[in-house]
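Asker: Build me a structure from this.
(chains A and B)
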Amino acid sequence: MPRYYTDEHEWIDVEGDSATVGITDYAQEQLGDIVFVELPDVGSMLDKGGDAAVVESVKAASDVYAPITGEVSEGNSGLEDEPGLVNSSPEEDGWFFRMIIGDKDELEGLMDAKGYKTFVDSL
Amino acid sequence: MRYLPLTDNDRADMLATIGAASIDDLFVDVPAEAQLDGPIRDLPMHASEMAVERHMRALSKKNLAAADAPFFLGAGAYRHHVPASVDHIIQRGEFLTAYTPYQPEIAQGTLQMLFEFQSQVARLYGCAVANASMYDGSTACWEAVAMAGRVTRRNRAVLSGALHPHYTQVIKTMAKFTQDEIADAQPSVQGAPDADGLIDRIDDQTSCVVVQYPDILGRVSNLQAISDAAHEKGALVITVVTEPVALGAIQAPGDLGADIVVGEGQSIGVGLQFGGPYLGLFAVRDKKHVRQMPGRLCGETVDAEGKRGFVLTLSTREQHIRREKATSNICTNSGLCALAFNVHMTLLGETGLRRLAAENHRLACVAADRLAKVPGVSVLNDSFFNEFTVRLGQDARPIVRTLADRGVLAGVALDRLYPDVAAFADSLLVAVTETTSEDDIEALATALEEVLS
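Answerer: Here you go, the predicted structure:
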């Protein structure tokens, strides 16, 4: 299952036509303790680069952008009661939402793990 | 830094920078007939302080003040007794500020006061969370309509016909440049509010239904039935309370299914004050809606040593954190009026508020019974708290004028609020509070008997 990264610090796992989206370990560390996550409605259409979710920490509220175009198929209901999952398990249990991929070609422009590590190291 | 007034050159530079030819160009949006075309006539250029004081005193004697006459005006602003201790406490140096704290955590006393204020409002309204206050009841009402749009992702607000028309106008003004559709209506001229008519107007595109409680005619709506019908269609219920003292006698809106409760807080602690500043109250019944609330919110917490303390919390809803994505452009509160409310409510306590409400209602009943005995006068309401509508059988506005000339301030002629509704021409809104004496009621009834005969 390939994993891609964006320069807005989101990760995206692709499995067939479906993709799971979250924020990276680097992102959660920058944000600090996460206190609230607002997820997109199931069925809503997201445009690549558009607002998808809001993550709120004790320091700031930040937008999470859609890494690719598609329709939201599921939100991580576990974050409702336990937003801290984003801190403790950002790249697994702390996923944000799943979507049905609208245009696979958009994945081309994203980074792989190595590319993202180089990107983060350069910051 | 010294204060130096602007020179003509400074003004010319600034005008050139923004591309205006003259100061007058800055006022093009003000209609010509509203602009002053020269010096005010008969106003001398100079007068001594003593002369001005003497002149102003003479002018003020032309007023017939609320405290100087039998007084029955309400319609959203109510005269209540504010104990002298309220004024004394709010003027203490530790408290006296009209503003929200901008470096909040150093102002623990102010935050504690706001926390207590919020707790009082939440209990009064039967809600989980109240904010630190808004500008006034009508703007709080608009904020509730906007919030309901965010929660339901719908944009059609249904307003009860018996919502205060000034509130309706504020909502329409605020919605002018938003995507919200505001469906208002005419009030029904009958003894009971038209709950069925309101329910019929709710559909599955409705974001919220806005109901005043008691309504503009003083009638007490069947909120539970409206709530049930609205919730069935996925709409929120916004309840507007212009007279908070009523909630010492009737059930809290939150207990009857209202999702957002807003209102005017002026009755408690603030006073009439020639119409302002007033105090907007805002609360939500279910804490799941708290992140969509507008306004400042004070929360209780513990400090690094485990001691109780207060913070301004959930600030990410506010525009200094999230800019255009904030829930509202309000980033302040009515600090001093909220303090006055808090102090007065604390002095009253729950028992005191209930007794105050009972006395208001008792006197209103005395007034309604007495006025009903005046030939030609009938009471419209099936139910009321401290305000009710009477029909005089002839145009009410000239009668109000005549009674004022006789030293009785009889109430608000509904024609002032509804100039286009002919059915209201003979109707008078009469408010009675603990400040009304039975002699005042007799004076009103006697004067009406003389004038109507």
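Asker: What does the residue nearest the centre of chain A show for phi and psi?
Answerer: In chain A, the C-alpha nearest the mean C-alpha coordinate belongs to A:Gly22, at 2.6 Å (Cα atoms, centre = their mean). Per-residue torsions, A:Gly22: phi -150, psi -170 (degrees, to the nearest 10).
Asker: Stretch A:25-32 and chain B, are they touching?
Answerer: No. Judged by Cβ under 8 Å from any Cβ of the partner chain, stretch A:25-32 and chain B are separated, with a smallest distance of 11.9 Å. Quick note: C-beta positions are derived from backbone N, CA and C, even for glycine.
Asker: quick one: pLDDT of A:Val21?
Answerer: pLDDT recorded at A:Val21 is 95.
Asker: ok but it is inside a helix, no?
Answerer: No. Applying DSSP: H, G, I helix; E, B strand; the rest coil, one finds A:Val21 to be strand, outside a helix.
Asker: Surely it touches A:Ile12?
Answerer: Yes. Using Cβ atoms under 8 Å, A:Val21 makes contact with A:Ile12 at a distance of 5.2 Å.
Asker: more neighbours, those two?
Answerer: Taking other Cβ atoms under 10 Å in any protein chain shown, A:Val21 and A:Ile12 do not tie; A:Val21 has more neighbours (27 against 22).
Asker: So what sits opposite that one in the bridge?
Answerer: Counting by DSSP bridges, A:Val21 is bridged to A:Ile12, A:Phe97.
Asker: ok, back up a step: residues in contact with both of A:Val21 and A:Ile12, list them for me.
Answerer: Shared contacts of A:Val21 and A:Ile12, defined by Cβ atoms under 8 Å, 6 or more residues apart in numbering or on different chains, comprise A:Pro67.
Asker: ok now do B:Thr178, which residues does it touch?
Answerer: Residues in contact with B:Thr178 (Cβ under 8 Å, 6+ apart) are B:Ala146, B:Asn155.
Asker: how close does it get to B:Gly149?
Answerer: 8 Å (Cβ to Cβ, to the nearest Å).
Asker: ditto for B:Glu264
Answerer: Taken as Cβ to Cβ, the span from B:Glu264 to B:Gly149 is 22 Å.
Asker: Compare those two (neighbour count), which wins?
Answerer: Taking other Cβ under 10 Å, B:Glu264 and B:Gly149 do not tie; B:Glu264 has more neighbours (27 against 22).
Asker: How about the contacts made by that one?
Answerer: By Cβ under 8 Å, 6+ apart, the contact set of B:Glu264 is B:76-77, B:136-138, B:241-244, B:278-281.
Asker: excluding its backbone neighbours, what's nearest it?
Answerer: Residue nearest to B:Glu264 in three dimensions, not counting chain neighbours: B:Gly137, with 3.2 Å by Cβ to Cβ, 6 or more residues apart in numbering or on different chains.
Asker: Tell me how many other residues crowd the one you found.
Answerer: Neighbourhood size, B:Gly137 [other Cβ under 10 Å]: 29.
Asker: Which phi and psi values does B:Lys61 adopt?
Answerer: When read as degrees, to the nearest 10, the backbone of B:Lys61 gives phi -70, psi -10.
Asker: so after the helix or strand bottoming out on mean pLDDT in chain A, what's the next helix or strand?
Answerer: When the helices and strands of chain A are scored by mean pLDDT, DSSP states H and E, strand A:61-65 comes last with a mean of 88. As assigned by DSSP states H and E, the chain's next helix or strand after strand A:61-65 is strand A:70-75.
Asker: tell me what that following strand is packed against?
Answerer: strand A:45-46, strand A:97-101 (3 or more Cβ pairs under 8 Å, 6 or more residues apart in numbering or on different chains; DSSP states H and E).
Asker: do stretch B:111-130 and chain A meet at all?
Answerer: No. Residues of stretch B:111-130 are not located near chain A by Cβ under 8 Å from any Cβ, the shortest gap being 14.9 Å.
Asker: what about that stretch, distance to the chain center?
Answerer: Taking Cα atoms, centre = their mean, to the nearest Å, one finds stretch B:111-130 lying 17 Å from the centre of the chain it belongs to.
Asker: Could you tell me which residues make contact with B:Gly407?
Answerer: Residues counted as contacts of B:Gly407 (Cβ under 8 Å, 6+ apart) are B:Leu64, B:Ala69, B:Pro70.
Asker: 10 Å - rerun?
Answerer: Counting by Cβ atoms under 10 Å, 6 or more residues apart in numbering or on different chains, B:Gly407 makes contact with B:Leu64, B:Asp68, B:Ala69, B:Pro70, B:Ala443, B:Ala447.
Asker: try B:His166
Answerer: Per Cβ under 10 Å, 6+ apart, neighbours of B:His166: B:Ala75, B:Gly76, B:Gly137, B:Ser138, B:Cys141, B:Ile216, B:Thr242, B:Leu417.
Asker: after whichever strand or helix holds B:Arg57 comes which helix or strand?
Answerer: Following DSSP H and E, the helix or strand that holds B:Arg57 is helix B:49-60. Reading on from helix B:49-60 to the C-terminus, the next helix or strand found by DSSP H and E is helix B:84-90.
Asker: What about the nearest residue to B:Arg354 once chain neighbours are set aside, how many residues nearby?
Answerer: Leaving aside its chain neighbours, B:Arg354 sits nearest to B:Gly248 (4.8 Å; criterion: Cβ to Cβ, 6+ apart). Neighbours of B:Gly248 under the rule other Cβ under 10 Å: 21.
Asker: Next, B:Gly248: phi, psi?
Answerer: In terms of degrees, to the nearest 10, the main-chain angles of B:Gly248 are phi -80, psi -10.
Asker: any idea how far it lies from chain A?
Answerer: Counting by Cβ to the nearest Cβ, to the nearest Å, the gap from B:Gly248 to chain A is 36 Å.
Asker: which residues touch that residue?
Answerer: B:124, B:348, B:350-361, B:385.
Asker: And A:Glu56, by the same measure?
Answerer: A:Glu56 sits in contact with A:31, A:34-38, A:62, A:83, B:291, B:314-317, B:321-322, where contact means Cβ under 10 Å, 6+ apart.
Asker: Could you look up the SS state of the residue nearest to it when sequence neighbours are not counted?
Answerer: Once flanking residues are discounted, A:Glu56 sits nearest to A:Phe36: 4.2 Å by Cβ to Cβ, 6+ apart. Put simply, A:Phe36 is strand when judged by three-state DSSP.
Asker: so A:Phe36 touches A:Glu82, yeah?
Answerer: No. Contact criterion Cβ atoms under 10 Å: A:Phe36 and A:Glu82 do not qualify, at 11.1 Å.
Asker: so which of the contacts of B:Gly407 is the most crowded?
Answerer: B:Pro70 (21 neighbours).
Asker: Run a quick neighbour tally on the nearest residue to it once chain neighbours are set aside.
Answerer: Using Cβ to Cβ, 6+ apart and skipping residues adjacent in sequence, the residue nearest B:Pro70 is B:Asp440, 3.6 Å away. By other Cβ under 10 Å, 19 other residues sit near B:Asp440.
Asker: Wait, B:Asp440 touches B:Phe71, no?
Answerer: Yes. Between B:Asp440 and B:Phe71 there is a contact under Cβ under 10 Å: 7.2 Å.
Asker: Can you check the distance spanned by stretch B:259-276, start to finish?
Answerer: Counting by Cα to Cα, to the nearest Å, you get 27 Å between the two ends of stretch B:259-276.
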